[in-house]
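Student: 3D model of this:
(2 chains)
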Amino acid sequence: MGERIFFAIAAVGIISSAVAVIALRNPFRAAVALIVSLLSVALIFLLQRAPFVAMIQIIVYAGAIVVLFLFVIAYLGDRPPAIGVDPLARYQVLAWLAIIGLGIEGFLALGNSELPGIRSDPTQVSDIGSPQAIGHAFLDHFIAAFEGTSLVLLVAAIGAVLLARRAVLGERGR
Amino acid sequence: MTPSLSAAVAHHQATGVPLSWYLALSGVLFLIGLLGVMTRRDPLLLLLAVELMLNSANIALVGFSRYWNVSDGQIFALVVMVVAAAEVVIGLGLVVAVYRQRLALDVDALSRLKG
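Tutor: This is a model prediction of the structure:
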């Protein structure tokens, strides 16, 4: 029972702060709400017996990525809100329709799923979430994916530098 | 569900969290993020909503990892985090570049590349 109460607390934290992220108009407040959401997701990871992923979630996601967000928001400072009325406002009802349709579809798919044991207690797992197990899995089976992620990060870093350089050059040309 | 399996399931005491709960949470979080992506105009808020969607995928991946009792889903979740970091770096780089060109930060106004 304890795990289910833990799950309920984390789930309420995730859903309420996620609603705050998309409802708040101020990017700074939305980013702070995102921190709460990401920390609650880390609690869910702990519940799923994935302590390493939970720690990475806190350090990299709630730490580095959100700090980058806050840094850029602070750098841009107070900006005037988007000018004029939203030209696509009349299409917003379509967005809501899509959300409701997808929600019903997911509800039906989950309710009719015949995956064995999907609605019952999970079996006791062996060690799959410790740093040791993750390291073994990465280096024994997923070495190509590991190298691929480093390539993705390198390309992203080069792209960011090029973007910043062109923005500075464009400014000087004025 | 086979009879022997349902008997085994009934024998279990209901204390842990079943996979379907994680999948439901993941689906709700994904829909909230999707709604944010479709209705917001500020690119910064758009990126925050995309983060929510990526996190919902991670909840499902780690949940399946626990369900099948293998590390693969957690590896996938870590790779998703790397991709999210790269996406944030490029996305924020674009936001800053647009801002420095003195253009309005409104994704609906940035339509020059529209086909």
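
Student: Show me which positions of the strand or helix carrying B:Ala97 end up buried.
Tutor: Assigned by DSSP states H and E, B:Ala97 falls within helix B:72-100. For helix B:72-100, burial by neighbour count (16 or more other CB atoms under 10 Å in any protein chain shown) applies to B:73-82, B:84-99. No exception for glycine: its C-beta is placed from N, CA and C like everyone else's.

Student: could you pick out which of the residues you listed are near chain A?
Tutor: Contacts with chain A within the buried residues of helix B:72-100, counted by CB under 8 Å from any CB of the partner chain: B:74-75, B:77-79, B:81-82, B:84-90, B:92-97, B:99.

Student: What's the local residue count around residue 65?
Tutor: I went with chain A, as the question did not name one. 21 (other CB atoms under 10 Å in any protein chain shown).

Student: that answer is for a different chain, and I need it for chain B
Tutor: Using other CB under 10 Å, B:Ser65 has 24 neighbouring residues.

Student: Also B:Met38?
Tutor: 18.

Student: same deal with A:Ile104?
Tutor: A:Ile104 has 10 neighbouring residues, counting by other CB under 10 Å.

Student: In three-state terms, label it for me.
Tutor: Judged by DSSP: H, G, I helix; E, B strand; the rest coil, the three-state class of A:Ile104 is helix.

Student: which regions of chain B lie under the pLDDT threshold?
Tutor: B:1-14, B:102-104, B:114-115 (pLDDT under 70).

Student: those helices in it, which residues are they?
Tutor: For chain B, applying DSSP state H gives helices covering B:3-11, B:19-39, B:43-68, B:72-100.

Student: Check which helices and strands the last one sits against.
Tutor: Going back to what we said before, that points to helix B:72-100. helix A:51-56, helix A:66-76, helix A:131-140, helix A:143-172, helix B:43-68 (3 or more CB pairs under 8 Å, 6 or more residues apart in numbering or on different chains; DSSP states H and E).

Student: Export these to TSV and append columns for distance to A:Leu108.
Tutor: Output for these, formatted as TSV (distance: least, CB to CB, whole Å):
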stretch	distance to A:Leu108
helix A:51-56	30
helix A:66-76	35
helix A:131-140	34
helix A:143-172	33
helix B:43-68	17
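
Student: Quick check: which of those is buried the most?
Tutor: Ranked by mean neighbour count, the helices and strands packed on helix B:72-100 are led by helix B:43-68 with a mean of 22 (mean count of other CB atoms under 10 Å in any protein chain shown).

Student: Okay, angle between it and helix B:72-100 too, please.
Tutor: Relative orientation of helix B:43-68 versus helix B:72-100 (axes from the mean of the first three to the mean of the last three CA atoms, to 10 degrees): 180 degrees.

Student: and the angle from helix B:43-68 to helix B:19-39?
Tutor: 160 degrees.

Student: distance between helix B:43-68 and the chain's centre?
Tutor: In this view, helix B:43-68 has its centroid 2 Å away from the chain centroid, taken as CA atoms, centre = their mean, to the nearest Å.

Student: what helices or strands is that helix leaning on?
Tutor: Applying 3+ CB pairs under 8 Å, 6+ apart, one finds that helix B:43-68 contacts helix A:2-23, helix A:27-47, helix A:66-76, helix B:19-39, helix B:72-100.

Student: residues contacting the residue nearest to A:Val72 when sequence neighbours are not counted?
Tutor: The spatial neighbour of A:Val72 that comes closest, neighbours along the chain excluded (CB to CB, 6 or more residues apart in numbering or on different chains), is B:Leu92 at 4.7 Å. Residues in contact with B:Leu92 (CB atoms under 8 Å, 6 or more residues apart in numbering or on different chains) are A:Leu68, A:Phe69, A:Val72, B:Leu47.
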